[in-house]
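> I would like the atomic coordinates for the input below:
(one chain, ligands or ions: 1)
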Amino acid sequence: MTAPLLSLSGVSRSFGALTAVDDVTLDVPPGARHALIGPNGAGKSTLFKLVTGSMRVSAGTVALAGDDVTRLPEPQRARRGISQTLQHSSLFLGQTVEQNVLLAAQRQYRSRHSLVPRRQAAARARARELLTDVGLAARAGTPVAALSHGERRQLEVAVALACEPRLLLLDEPAAGMSPAESARLVALLQALPESVTVVIVEHDLDVVFALATSVTVLHLGRVLLTGSPDEVRASAAVQEAYLGTGRGALFLDGTGPAHLEVS
Ligand SMILES: Nc1ncnc2c1ncn2[C@@H]1O[C@H](COP(=O)(O)OP(=O)(O)OP(=O)(O)O)[C@@H](O)[C@H]1O
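Numbers count the residues shown, from 1 in each chain. Down below sits the predicted model:
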């Protein structure tokens, strides 16, 4: 069996009396497109922070490609290949699309090589390539402030990819997107090379089921189920967890084996 790229073992995080993430054990194989879903407050964003290192675990271990990174701070985990897009944008609004990606690409080249002019040219070329990949080449000279919401999310993916991640974490990348923008995002993520393992937190279950090769459902901080998209769609326990959130019906799109009526 392939060794997991990301391995969580007994990971927990408490805030006072509240256990927001409760004994989560999860292996994500290299090349996976793994989705983390669950109703509001299930602990998805907290779990993301425990993986990136922006928050410390209360218990458990986080391993990247077999190395225990639990005690490493966020910048060191980033250097080992964990990159993320956030729920709230971290773009420089006053700068152009290209400048935003270039800054990230230059950081990457600086950490690996001295920034001699040849390297600067390489960073610039990489930035242009990434903008083409995410469909923003024509917007390179546009200030970020003038981009649509969907374009900003595309740019965030380009910025995250500029760090040449092994593990790309996407926190609600489709939030606020139109259906056309979401479809474009899915196509973009599907086209990423297998060398980039993707973990996505997403409320839009159409995006989740279009993209994910595996899904973990969190509920009240605990893993309710990890399985294929079809297994998750068919799970009565998952539909039960989503009852009352207005999202239960999203499991019943007619394409999967789901059979329970959820109002
Ligand atoms: N810094 C914090 N201090 C105290 N409680 C927190 C903190 N961060 C999160 N929580 C609580 O932990 C629980 C899990 O929150 P979290 O944001 O991880 O859930 P989520 O699944 O990402 O929710 P959503 O889908 O609404 O973004 C919630 O009850 C939340 O109020």
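
> wait, doesn't residue 35 sit right on residue 203?
No - with contacts counted by C-beta atoms under 8 Å, residue 35 stays clear of residue 203, the gap being 10.6 Å. Heads up, the C-betas are built off the backbone N, CA and C, glycines and all.

> who has more neighbours, those two?
residue 35 (25 against 17; other C-beta atoms under 10 Å).

> name the SS class of the residue nearest the centre of the chain, please.
Centroid-nearest residue in the chain: residue 170, 2.0 Å away (criterion: C-alpha atoms, centre = their mean). Judged by DSSP: H, G, I helix; E, B strand; the rest coil, the three-state class of residue 170 is strand.

> what of residue 132?
Residue 132 is classified as helix under three-state DSSP.

> so how far is residue 190 from it?
Computed as C-beta to C-beta, to the nearest Å, the residue 132 to residue 190 distance reads 16 Å.

> where does this structure dip in pLDDT?
Applying pLDDT under 70 to the chain picks out residues 1, 86-89, 109-118, 243-263.

> residues in it within reach of the ligand, list them.
Those residues of the chain that sit near the ligand, judged by C-beta under 6 Å from any ligand atom, are 15, 18, 20, 38, 40-46.

> which of those residues fall in strands?
15, 18, 20 (DSSP state E).

> only whichever of those residues are buried, select them in PyMOL.
Selecting just the buried residues from those in PyMOL takes one command, with 16 or more other C-beta atoms under 10 Å as the test:
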select buried, resi 20
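
> the helices in the stretch 51-200 of the chain, which residues?
Along the stretch 51-200 of the chain, the stretches classed as helices by DSSP state H, counting those that start in this stretch are 74-79, 97-112, 117-133, 149-162, 179-190.

> contacting residues for residue 214?
Neighbouring residues of residue 214 by C-beta atoms under 8 Å, 6 or more residues apart in numbering: 28, 32-35, 226-229.

> hmm, back to that, grab the nearest non-local neighbour of the residue nearest to the centre of the chain.
Leaving aside its chain neighbours, residue 170 sits nearest to residue 200 (4.4 Å; criterion: C-beta to C-beta, 6 or more residues apart in numbering).

> contacting residues for the one you found?
So residue 200 contacts 33-36, 169-170, 173, 189, 207-208, 211-212 (C-beta under 8 Å, 6+ apart).

> quick one: it from the ligand, how far?
13 Å (C-beta to the nearest ligand atom, to the nearest Å).

> quick one: which of the contacts of residue 200 has the most company?
residue 36 (29 neighbours).
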